[in-house]
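[1] pasting the sequence and the predicted model now:
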Amino acid sequence: MTMHPPGPADWAEWDVSRARFALYFAPPRASEWWTAGCSWLGRDAETGEPVSLPEGIDVARITRVAARYGWHGTIFPPFHLRDGLTPAHLLTTVQLLANSIAPFDLAVAPTWFRGFIALRPALGDGDDWTGTIASQALQRLFPLCRPLSPSETERRRTPELTKRQGELLTRWGYPYVLDEFLFHMTLTDPVADPEEVQALIGWWQKQCDRLGPVPFDNLALFVEREPDEPFMLWTRIPLLAGVSA
């Protein structure tokens, strides 16, 4: 089923308490980076339309979960709004954050990351820039989040977490924040075969060489209307610090 992105009229019809929101980065719609990522995942999260997959590689087999989340890099992970808050509260908060951040170009490279293939900053300052944005987002958005139940917290407390990540999970409801945050743009579900990993990294390295740095010029709000539905890109909020009118 093709789903459309939410507009203002949708919120009155939706049960917002069931929806999850996420703050991501999404490449500009007009950029080749947006086209390349949507083609890889087989769907455009902004229009809700399917997109033809690349030829010569069995992408659908290794992107079933990644495709549901859409083409993005995580800034603040999916969450439910606190009771009494509306999407308008969230949008205003993100606009204020975006107004304080200047756009930049982010060089990226493919790597095997936490068991899957992802694009990561290719230079050290990329981690610094994205980490600072994510930290600011955490401070601003955490007060808007519905607290996790004890059972939800424990489900996230997986055996591979370090002591530090467990502490962050207890405090913030998510283990990969602050000093444990590493910006990435997910390309696949878990991939274990070494030859397949190297082939995928090689394929995407060619794309990175062709496309150059990603223009990091927005924060994007995504929404999952109901549990297990595809995430849709609700709106991009431009980064405006230092940008002349």
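    Nice, I can see it.
[2] is it fair to say residue 127 lies in a strand?
    No. Judged by DSSP: H, G, I helix; E, B strand; the rest coil, residue 127 forms no part of a strand; its state is helix.
[3] show me what contacts it?
    Taking C-beta atoms under 8 Å, 6 or more residues apart in numbering, we find residue 127 in contact with 121, 182-183. In short, each C-beta sits where N, CA and C put it, glycine included.
[4] just the ones of the residues you listed in helices?
    Among the contacts of residue 127, DSSP state H puts none in helices.
[5] tell me the SS of the closest residue to residue 57 other than its chain neighbours?
    Leaving aside its chain neighbours, residue 57 sits nearest to residue 203 (6.8 Å; criterion: C-beta to C-beta, 6 or more residues apart in numbering). Per three-state DSSP, the local secondary structure of residue 203 is helix.
[6] what is the burial count for residue 203?
    17 (other C-beta atoms under 10 Å).
[7] what pLDDT is listed against it?
    Predicted confidence (pLDDT) for residue 203: 97.
[8] show the subsequent helix or strand relative to the helix or strand of the chain with the lowest mean pLDDT.
    Among the helices and strands of the chain, helix 10-13 carries the lowest confidence by mean pLDDT, DSSP states H and E, at a mean of 72. For helix 10-13, the following helix or strand on the C-terminal side (DSSP states H and E) is strand 20-25.
[9] same for the helix or strand just after that following strand, what does it pack against?
    Going down the chain from strand 20-25, the next helix or strand is helix 32-41, by DSSP H and E. Helices and strands touching helix 32-41, by 3 or more C-beta pairs under 8 Å, 6 or more residues apart in numbering; DSSP states H and E, are helix 194-211.
[10] the helix it packs on: how far from the chain's middle?
    20 Å (C-alpha atoms, centre = their mean, to the nearest Å).
[11] ok, the closest residue to residue 109 other than its chain neighbours - contacts?
    Closest residue in space to residue 109, ignoring its immediate chain neighbours: residue 122 at 4.1 Å, by C-beta to C-beta, 6+ apart. Contacts for residue 122 (C-beta under 8 Å, 6+ apart) come out as 107-109, 208.
[12] top of those by number of neighbours, please.
    residue 108 (25 neighbours).
[13] on the three-state scheme, the residue nearest the centre of the chain is what?
    When C-alpha atoms, centre = their mean is applied to the chain, the residue found nearest the centroid is residue 74 (3.0 Å). Taken by three-state DSSP, the conformation at residue 74 corresponds to strand.
[14] for stretch 208-220, measure first residue to last.
    22 Å (C-alpha to C-alpha, to the nearest Å).
[15] please identify the buried residues of it?
    208, 214-220 (16 or more other C-beta atoms under 10 Å).
[16] farthest pair within those?
    208 and 219 (22.3 Å; C-beta to C-beta).
[17] ok so, going back, keeping just the C-alphas, turn the least confident helix or strand of the chain into PDB.
    Extracted in PDB, the C-alpha atoms of helix 10-13 (Å, rounded to 0.1, in the frame of the first residue of the first chain):
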ATOM      1  CA  ASP A  10      -4.100  14.500   9.000                       C
ATOM      2  CA  TRP A  11      -3.300  15.200  12.600                       C
ATOM      3  CA  ALA A  12      -7.000  15.700  13.500                       C
ATOM      4  CA  GLU A  13      -7.800  12.300  12.000                       C
END
